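Asks: Below: sequence and its predicted model.
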Amino acid sequence: MDDHVRIFDTTLRDGEQSPGATLNVEEKLEIALQIERLGVDIIEAGFPITSQGDFDAVSLIAGQIKNCTVAGLARGVAADIDRCWDAVKRAASPRIHVFISSSDIHLAHQMRKSRTEVLDMTRAMVARAAGYLSNVEFSPMDASRSDPAYLCEMLAIAIEAGATTLNIPDTVGYAYPEEYGNLIRTIRERVPGIHRAVISVHCHDDLGMAVANSLAAVRAGARQIECTINGIGERAGNTSLEEVVMGLRTRRDIFGVDTRVDASQIYRTSRLVSSRTGMVVQPNKAIVGANAFAHMSGIHQDGVLKERSTFEIIDPKDVGVADSAIVLGKLSGRHGFRQRLEELGYHLDGEDLNRAFLRFKQLADQKRDITDRDLEALVSDQMRTDDEQYRLEHIQVVCGDHIVPTATIRMLTPDGTVVVQTSTGTGPVDAAYKAIDRVFNLPVRLNEYVVQAVTAGIDALGEVTVRIQHEGRVYSGQSANTDVVVASARAYMTAMNRLLGQKADLGANYAAAQASTV
Ligand code: MN
């Protein structure tokens, strides 16, 4: 049997359905490009019929991704399929993913259709998609709670109508590994023409079984796994990509299959998705959590120091985890700094290197030990702020329990004007944001604000992620600093710059601002 398991990443579709994880078009493209680098086989870029924004994102991604298939999702409805085709047709390798419910519960309460009507729909809609392209995936929604005989009948019809991938979703996260594996076996045994199609699985983590169910399905013959980075997704989320991929790889003795994934890109992809979606990764998360490779017990530490494999089944470097050991300090030179950055995959030259080195020296004054994670935070912070139109030059905040929190900011505008603004607020961050708001004078709502420590220790860098909303669109910003108020203000500025970059009427609004100039 085929020993290649296809990895179908749905971070941008099911993952984006996580509450609060909304991404804008630029963020989706940035994530798609990193997921392509990670080496997945298929990227499900969105659900084009749902909004213009989703359509634009799928279309943009389809035009830029070269090394993997780009799929769009569509209900079993003609308009969905047509719209989906319009969005994916520019792709080097496009796919339409059609879904129709198969369980009696869904048929009775959601679709209000008979079994026969739904089979007719399946035939017609899969054929409609197959009329546009040859790469069609069909999903009977809620498959794991469907009557197996009816499910098999539906799958046979889908194959006949042109489906080349049959996905068996455990939509509500109800299945258990043995049961789910048996369902896959039943399908392989009973569905006519099944050898012509790839069997796929799509599991949810409502009972914490998504990864286990996906792996049981691979044992039973499934050759595509649908999953998301960090396991984000509807409710309790989806199968976590990093966990299934490392499971297949670490226990190749059991599974005997491979994926195309370049594991060394896993950690970087996880960080990117976490920062852009604002969905924080729990510290004890397998593979990518902050503690995933931390050994606390004395016996374990002793063992790992003597021989890593005594208590470690995966070398953190294999998944691209930056070493959290101290790498640089106050006395480190420019050469060592540059060399370490190169090892981490950042190639900085000339003025960029000078500025990064200056920031490193400033950080070393505030924080005794600098780790790889600090360097990553510092460099990605610089890369983010590099093309900013409006720059925050200074921020000063006064706060405490017997004082009205007050912030003063000094900002450099694109035409070189220096603007100073002051505001009070309920706290230091609120005061800072209100001072910044006074410069731009735009109605902006703060949807989300998250602070995370980059490393352990009282002097750690604080990384702030904000999501702001303006005229129905969401913009995110992020910044890292040893002072969380400074990081908060800079993250807000990053988000504002992204917002303003897209606003045509900037001039008028800016002129309306009551700003003082020095
Ligand atoms: Mn799902």
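Replies: Done, it's in.

Asks: so where do the strands sit in the stretch 101-250 of the chain?
Replies: Assigned by DSSP state E, counting those that start in this stretch, the stretch 101-250 of the chain shows strands spanning 136-141, 165-170, 198-203, 224-227.

Asks: whoops, the stretch 251-400 of the chain was the one
Replies: Using DSSP E, counting those that start in this stretch, strands in the stretch 251-400 of the chain cover 326-328, 370-371, 391-398.

Asks: can you tell which of those is closest to residue 244?
Replies: strand 370-371 (28.9 Å; CB to CB). No exception for glycine: its C-beta is placed from N, CA and C like everyone else's.

Asks: out of everything not next to it in sequence, what's closest to the spatially most central residue of the chain?
Replies: In the chain, the residue lying closest to the centroid (CA atoms, centre = their mean) is residue 273, at 2.9 Å. What sits nearest to residue 273 in space, not counting adjacent residues and going by CB to CB, 6 or more residues apart in numbering, is residue 229, at 4.2 Å.

Asks: what's the neighbour count on the one you found?
Replies: Under the neighbour criterion other CB atoms under 10 Å, residue 229 is assigned a count of 30.

Asks: so it touches residue 269, yeah?
Replies: Yes - with contact defined as CB atoms under 8 Å, residue 229 counts as touching residue 269 (5.5 Å).

Asks: Now do the shared contacts for the two.
Replies: Taking CB atoms under 8 Å, 6 or more residues apart in numbering as the contact rule, residue 229 and residue 269 both touch residue 35.

Asks: tell me the contacts of residue 178?
Replies: Contacts of residue 178 by CB under 8 Å, 6+ apart are residue 216.

Asks: Which residue ranges make up the domains of the chain?
Replies: 6-277, 293-321, 325-385, 388-506 (automatic domain parsing).

Asks: which residues touch residue 263?
Replies: Counting by CB under 8 Å, 6+ apart, residue 263 makes contact with 245, 246, 249, 318, 319, 320.

Asks: can you pull out the helices in the stretch 151-300 of the chain?
Replies: Counting by DSSP state H, counting those that start in this stretch, the stretch 151-300 of the chain has helices at residues 177-190, 210-219, 241-250, 252-255, 266-277, 298-306.

Asks: closest one to residue 500 among these?
Replies: Closest to residue 500 of these, according to CB to CB: helix 266-277, at 18.9 Å.

Asks: buried stuff in that closest one?
Replies: Residues 266, 267, 268, 269, 270, 271, 272, 273, 274, 275, 276, 277 are the ones in helix 266-277 that count as buried (16 or more other CB atoms under 10 Å).

Asks: cool, stretch 1-15 as well?
Replies: For stretch 1-15, by 16+ other CB under 10 Å, it's 5, 6, 7, 8, 9, 10, 11, 12, 13, 14, 15.

Asks: Pull the distance from it to the chain's centre.
Replies: Relative to its chain's centre, stretch 1-15 lies at 15 Å (CA atoms, centre = their mean, to the nearest Å).

Asks: pLDDT of it, averaged?
Replies: Per-region confidence: stretch 1-15 scores 95 on mean pLDDT.

Asks: From the opening residue of it to its closing one, how far?
Replies: 31 Å (CA to CA, to the nearest Å).

Asks: follow-up on the earlier one: list buried residues within the contacts of residue 263.
Replies: Among these, the ones that count as buried by 16+ other CB under 10 Å are 245, 246, 249, 319, 320.
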